[in-house]
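Visitor: sequence-free structure coming up:
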């Protein structure tokens, strides 16, 4: 490579390292840090984010990006292309705004944690007001064609627009609402045994065992606990996940582990030659979520998976499961029920939680509602979509960390991920021989290799829509997901509309 | 304050935050990080160190340091004075050298860990050669009057020279060797019960209990385990320590905990108004070590301390201690014996371990010996000073992490710390009423407050020698330490020369 390319690469490595350090500061805040350090940690994260932003948006980087020459169809060419796009976008956001967002987010996170603990939304509301105002400022700085929300969404799902999401969600709603109604009319599934009190250490151990079996590489990662499970990556060689265990919920921690492991394996599967560059990341949050949901739901809530692991689970939790046959367990972990908590929601109703948030975020960004109105709005929409009453804000508007992180425009990627996961899973199942048998025998190597080869290895060298196009031969669609839901839940609840 | 001062302060905050992030990257490497990430972590630490160095040595900072006006006798005036000194020194070290040292150190640390595990010094030797060559380069870049070692020592013990250390160590040796010989001729103390196999979880719990009692603030810190215990600070509000537990050594982990807590309480005691600046640190490593040794030895190995805690310790480890009276325990934890391991050495012989390392470091810096010769040299000197044979390099030249960190010139501060700890302790004991009674009753508040008021709060606003002068009315001296040793060990072994 030319000296100019190497000069640029060194600068981009520096940006990457500053960002990785900022992410470690944040991982540490969730996992290890004493609360007393919240203010100084917020300042430290802000300092590093600002330094990364300043370095990346410098004229030196801009000049190099426009004069450097690289071989066509190489990863170096991909790097220049993606770096130019990121640079364009980042140049539009003033350094001072980046820093204010980081400081506001550090404080909002601490307030959110406290508010959640005390069920005291009023404590969080002013922080959310600040975050929203800063996000609107950011959207206008970036610029957009139709809707300020487009500018925010584009950060998480490059290329996707608010209008496209509205269309996909609209079409999904038309098919989904009758399905949810039909299921609600069928006899309820029993799942009380999942809420037997169980030892969280045994839950942890079982989760660690699953991680080892499905192919999450613990020599290049680790699992810890935190208030809200997440995954993060400091390099291809250090990808960490967290989980949350409940003594009165046997499976919530296990599925959270499988979910975050799906994210983690995506990052671990990126081609190591991209390490230290902005290409060494999942290509979009929707694609990321497709991987986590694939492992959590399509695999982790499937009959073949538990045909293999259920005897082990019974041995680990005999008091809870000894009298429960496999099929009853399978039905229980797939019980469809209107729950107030997004991360505990079943596959069928999950997307309704996302639609609610997507609608509220649009109203916030359009300044049609303020933070103070959210608890009521949340209650109203939860009654409307899921028919349930929210009794505490901790189980309502305060349940998720995202807004405190300044992540407005993030939620739609969860539902997009669900759609993509079904599309991708259908293709994997067709491509890999003896698919269900392998899963039942605890053999995950072929699936892991297929995902790495078709999706993970590319990092950001290919966009989500390019990957979906190559793998499935079409665009993001609601059909495979609806087909999967009808088949699986038809099997549990009887034929569905 | 003037706008120029605020501008300077913001720049110095940024330097501090970049350094704090680099320290978190390193803490994480020792405590949490998977080994596979060693290379990328080394690059990340190097990137942050370089960014901090570049920012601090920038012309912008230099110009502001020379034109900014602050009120005399204020902490702001202290900040400018100390920042100017640091700036002068840092300007002399090229950024590329800082970065090469950080990269070399990241690799050397990993090689050291592996070499130590496999007792394979040859694996570490080439890394040590690199570190020494870079340190010599650094010494010449910084400049020195008499000896290149002066330039390295000054980083850890500002103002102290190689010649001064040689004088203090020489005078100490004259008194110490006859004492060690006299003790060797007395009947040996029994301490086999300390090596009964005990539960490391119970050791951990007891150590956490001690931390709470002596005043280490767990709401502004935490303890973890690592291969080599250390303390680190990311802000006044987040000061962490680590320990190392051995199932076959009941007390090693406890004294390591008390030692690191001494360091930690120093950092926690710095005036919070200095937070985020280069003043919010212990003033020298010698002064730091005086605090750790005070808690580990003068308090933690004293009869009053165990008069209070020994019944609890017996209850926690009944199998090991039920039949052991307090006085036998006190003698055992103060047993004088030639040990190969510095961190396990008793108070009397400890300084001999330091003298050995100080002499070897001088030879390395003078290029009179190479890394390959160290195992033999180490064995020869250990026989000469302590009369013992070293059987494995893991218990010899590979035992300490310091050289892999590039910390040449660091060791003498341990012995200086021992001397200062005895000087300071004698003054504290005189100043605080009912001293021994309070310790025996588990009341550490008055001592903690005295140390904070006389030493901790000042951070780097006062030098070590200023503090020693103010507290003791004199310079660093060997006399109080020798008096302490003669009195305490005379009591255990009978009258000493």
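Guide: Great, that's in hand. As the structure is a computational prediction, the values presented were derived from the model and not from experiment.
Visitor: what residues does chain A put near chain B?
Guide: Taking C-beta under 8 Å from any C-beta of the partner chain as the measure of proximity, chain A contacts chain B at A:13-14, A:17-18, A:20-22, A:24-25, A:28, A:32-37, A:39-41, A:43-44, A:47-48, A:51, A:218-222, A:234-238, A:275-276. (C-beta placed from N, C-alpha, C; glycine too.)
Visitor: apply the buried test to the residues you listed and list what passes.
Guide: Buried members of these, scored by 16 or more other C-beta atoms under 10 Å in any protein chain shown, are A:13-14, A:17-18, A:20-22, A:24-25, A:28, A:32-34, A:36-37, A:39-41, A:43-44, A:47-48, A:51, A:220-222, A:234-238, A:275-276.
Visitor: just the residues you listed: which are in strands?
Guide: Among those, the members falling in strands (DSSP state E) are A:221, A:222, A:234, A:235, A:238.
Visitor: which of those residues lies closest to residue B:77?
Guide: Nearest to residue B:77, judged by C-beta to C-beta, of these is residue A:234 at 39.9 Å.
Visitor: show the pLDDT at the residue most central in space within chain A.
Guide: Residue closest to the mean C-alpha point of chain A, counted by C-alpha atoms, centre = their mean, is residue A:289 at 4.7 Å. According to the prediction, residue A:289 has pLDDT 97.
Visitor: repeat that for residue A:263.
Guide: If you check residue A:263, the pLDDT there is 98.
Visitor: what sits closest to it if chain neighbours are left out?
Guide: The shortest distance from residue A:263 to any residue other than its chain neighbours is 3.9 Å, reached at residue A:231 (C-beta to C-beta, 6 or more residues apart in numbering or on different chains).
Visitor: please tell me how far the one you found sits from chain B.
Guide: Computed with C-beta to the nearest C-beta, to the nearest Å, the distance linking residue A:231 and chain B is 14 Å.
Visitor: ok, now residue A:135?
Guide: Distance of residue A:135 to chain B, given as C-beta to the nearest C-beta: 24 Å.
Visitor: doesn't that residue belong to a helix?
Guide: Yes: looking at residue A:135 with DSSP: H, G, I helix; E, B strand; the rest coil, it is inside a helix.
Visitor: find the nearest non-adjacent residue to it, please.
Guide: Per C-beta to C-beta, 6+ apart, closest to residue A:135 is residue A:408, 4.5 Å.
Visitor: kindly report the same for residue A:429.
Guide: Residue A:429 sits nearest to residue A:435 (C-beta to C-beta, 6+ apart), 4.9 Å away.
Visitor: you'd agree the one you found is up against residue A:426?
Guide: No: contact criterion C-beta atoms under 8 Å: residue A:435 and residue A:426 do not qualify, at 10.8 Å.
Visitor: gap between the longest helix anywhere in chain A and the chain center?
Guide: If you go by DSSP state H, chain A has its longest helix at helix A:3-31. Taking the mean of its C-alpha atoms, helix A:3-31 sits 21 Å from the chain's own mean (C-alpha atoms, centre = their mean, to the nearest Å).
Visitor: what's it packed up against?
Guide: helix A:38-56, helix A:59-67, helix A:75-91, strand A:231-235, strand A:238-243, helix B:3-31, helix B:38-56 (3 or more C-beta pairs under 8 Å, 6 or more residues apart in numbering or on different chains; DSSP states H and E).
Visitor: can you tell me which of these is most buried?
Guide: Ranked by mean neighbour count under mean count of other C-beta atoms under 10 Å in any protein chain shown, these are led by strand A:238-243, which reaches a mean of 25.
Visitor: can you list the strands that it pairs with?
Guide: Applying DSSP bridges, strand A:238-243 is found paired with strand A:221-225 (parallel), strand A:231-235 (antiparallel).
Visitor: show me the contact partners of the last one.
Guide: Think strand A:231-235. If you take C-beta atoms under 8 Å, 6 or more residues apart in numbering or on different chains as the criterion, strand A:231-235 is touched by A:20, A:23-24, A:26-27, A:239-242, A:260, A:263-264, A:267, A:275-276, A:280-281, A:292, B:37, B:40-41, B:44.
Visitor: ok, 7 Å please
Guide: Applying C-beta atoms under 7 Å, 6 or more residues apart in numbering or on different chains, the external contacts of strand A:231-235 come out as A:20, A:23-24, A:27, A:239-241, A:260, A:263-264, A:267, A:275, B:37, B:40.
Visitor: out of the residues you listed, the closest to residue B:389 would be?
Guide: Of all those, residue B:37 has the smallest distance to residue B:389: 38.3 Å, by C-beta to C-beta.
Visitor: surely the closest one meets residue A:236?
Guide: No: the criterion here is C-beta atoms under 7 Å, and residue B:37 misses it with residue A:236 at 8.7 Å.
Visitor: so where do the helices sit in the stretch 101-250 of chain A?
Guide: For the stretch 101-250 of chain A, the helices defined by DSSP state H, counting those that start in this stretch cover A:121-142, A:148-156, A:162-185, A:200-214.
Visitor: which other helices and strands does the shortest one contact?
Guide: In this structure, helix A:148-156 makes packing contacts with helix A:121-142, helix A:162-185, helix A:347-365, judged by 3 or more C-beta pairs under 7 Å, 6 or more residues apart in numbering or on different chains; DSSP states H and E.
Visitor: run the last query once more with 6 Å
Guide: helix A:121-142, helix A:347-365 (3 or more C-beta pairs under 6 Å, 6 or more residues apart in numbering or on different chains; DSSP states H and E).
Visitor: to residue B:464, which of those helices lies closest?
Guide: Closest among the helices and strands packed on helix A:148-156, once you apply C-beta to C-beta, is helix A:121-142, at 43.4 Å.
Visitor: list the buried residues in that closest one.
Guide: Residues of helix A:121-142 classed as buried by neighbour count (16+ other C-beta under 10 Å): A:121, A:123-125, A:127-132, A:134-139, A:142.
Visitor: swap in stretch A:267-281?
Guide: Under the neighbour-count criterion of 16+ other C-beta under 10 Å, stretch A:267-281 has A:267-271, A:274-281 buried.
Visitor: returning to what we had before: three-state assignment of the residue nearest to residue A:135?
Guide: coil.
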